[in-house]
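S.K.: here are the coordinates; sequence isn't available:
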């Protein structure tokens, strides 16, 4: 039987018709849906004509993730404690430097911090798990002392690293391999009960950008994440605890990245919050002709705004102050300055 994919055509305009439905219980609404099929032209239908189960998944409010409300955009500040990350490697790889940067991001308005001890840039080599633990666990422990209100995510593919992070206070798991690199991550997520982000990647960081190929990148990434969610649920992990990430830049060409960003609202059909990590990535530099990753903030900001218009809930960024300021202005224009929690 032919598989159909349903991409809600997300809108935020204040001129909202009575027939409109809330997207994922959040700030976007939709009254039309694009039906996608492999090898065929898309078709647009009224949302009211959707199958009941599809409509339920598209409209149901997403549960809180690490205490954060998914009906509002959430900013995840990147805290790489590595010597070789593509943008900020070596900037915060000692405890004092990491804490200072974390404090700045919190003061700037970060809703969550994501701590990583292994670079997953293209061509990066695997880090020994003991070394990764040494890099991340002390920082997370210190962050818990610094501010217990801001949740902390551990960005790792390894269950032992994640386990040690949980021991010292991590609130969320962020696995770029979607639990494929280390199957032990599945059991850990189930036992801990913490939310976990499952990301798509074609290949490991060492080889992922050598020659990535897809027939239809949007639908193939969707199918992969759908299958990983099904596996997680079969192992006792509730869908309400799962976040999905299409993995921009992980085994994708520039054209693949753009196709995913254009169609990102499709992933709401999975019934999970969406996390997007585009900050300072190489394809932004290619398009904007900026060589240094630190000069790509304007491009990162533009893509974050696009994602907000598509209802993406979690935005993983380097430039917290600038992105937070932009989101506040976007919310003021979209919903009105009088909104209390703007």
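M.R.: Looks like it came in fine. Note that the coordinates shown come from a computational prediction; the quantities given were computed from them, not determined experimentally.
S.K.: For the rest of this, base every contact and every neighbour count on C-alpha atoms.
M.R.: Noted.
S.K.: Give the other helices and strands that the helix or strand harbouring residue 255 contacts.
M.R.: Assigned by DSSP states H and E, residue 255 belongs to helix 254-262. For helix 254-262, the elements it packs on are helix 217-234, judged by 3 or more C-alpha pairs under 8 Å, 6 or more residues apart in numbering; DSSP states H and E.
S.K.: about what we covered before: tilt between the helix holding residue 255 and helix 217-234?
M.R.: With axes from the mean of the first three to the mean of the last three C-alpha atoms, to 10 degrees as the criterion, the two stretches helix 254-262 and helix 217-234 enclose an angle of 60 degrees.
S.K.: what's helix 254-262 in contact with?
M.R.: With contacts defined as C-alpha atoms under 8 Å, 6 or more residues apart in numbering, helix 254-262 is touched by 217, 218, 246, 248, 249, 283, 307.
S.K.: For the spatially most central residue of the chain, what are phi and psi?
M.R.: Within the chain, one residue has its C-alpha closest to the average C-alpha position: by C-alpha atoms, centre = their mean, that is residue 275, at 1.8 Å. Main-chain torsions, residue 275, degrees, to the nearest 10: phi -110, psi 140.
S.K.: so who does it touch?
M.R.: Taking C-alpha under 8 Å, 6+ apart as the criterion, residue 275 is in contact with 197, 243, 244, 245, 246, 312, 313, 314, 315, 316.
S.K.: buried ones in stretch 298-309?
M.R.: Judged by neighbour count using 16 or more other C-alpha atoms under 10 Å, the buried positions of stretch 298-309 are 298, 299, 300, 301, 303, 304, 305, 307, 308, 309.
S.K.: chain center to it, what's the gap?
M.R.: The offset between the C-alpha centroid of stretch 298-309 and the centroid of the whole chain comes to 13 Å, using C-alpha atoms, centre = their mean, to the nearest Å.
S.K.: do stretch 271-287 as well
M.R.: For stretch 271-287 - counting by C-alpha atoms, centre = their mean - the centre lies 8 Å from the chain centre.
S.K.: In it, which residues are buried?
M.R.: Burial within stretch 271-287, assessed by neighbour count using 16+ other C-alpha under 10 Å, is assigned to 271-285.
S.K.: Could you measure from residue 233 over to residue 242?
M.R.: From residue 233 across to residue 242, the span is 9 Å (C-alpha to C-alpha, to the nearest Å).
S.K.: who has more neighbours, those two?
M.R.: It is residue 242, of residue 233 and residue 242, that has more neighbours when counted by other C-alpha atoms under 10 Å, with 24 against 17.
S.K.: Angles on the backbone of the more buried one, please.
M.R.: The main-chain torsion angles of residue 242 are listed as degrees, to the nearest 10 and equal phi -110, psi 130.
S.K.: and if you look at residue 245?
M.R.: According to degrees, to the nearest 10, the main-chain angles of residue 245 amount to phi -140, psi 120.
S.K.: Could you do residue 326 as well?
M.R.: Dihedral angles for residue 326 - degrees, to the nearest 10 - are phi -60, psi -40.
S.K.: and if you look at residue 173?
M.R.: Summarising the backbone geometry of residue 173 under the convention degrees, to the nearest 10, its torsions are phi -110, psi 140.
S.K.: hang on, the earlier thing: from the buried residues of stretch 271-287, which single one is nearest residue 107?
M.R.: residue 279 (19.4 Å; C-alpha to C-alpha).
S.K.: and the closest one, how far is that from residue 115?
M.R.: Applying C-alpha to C-alpha, one obtains 15 Å for the distance of residue 279 from residue 115.
S.K.: Look up the closest residue to residue 34, ignoring the ones flanking it.
M.R.: Nearest residue to residue 34, sequence neighbours excluded (C-alpha to C-alpha, 6 or more residues apart in numbering): residue 44, at 4.4 Å.
S.K.: any idea where the strands of this protein begin and end?
M.R.: Ranges of strands in the chain, per DSSP state E, are 5-8, 21-22, 29-30, 32-36, 43-46, 74-80, 112-116, 152-155, 172-175, 196-199, 242-245, 275-276, 314-317.
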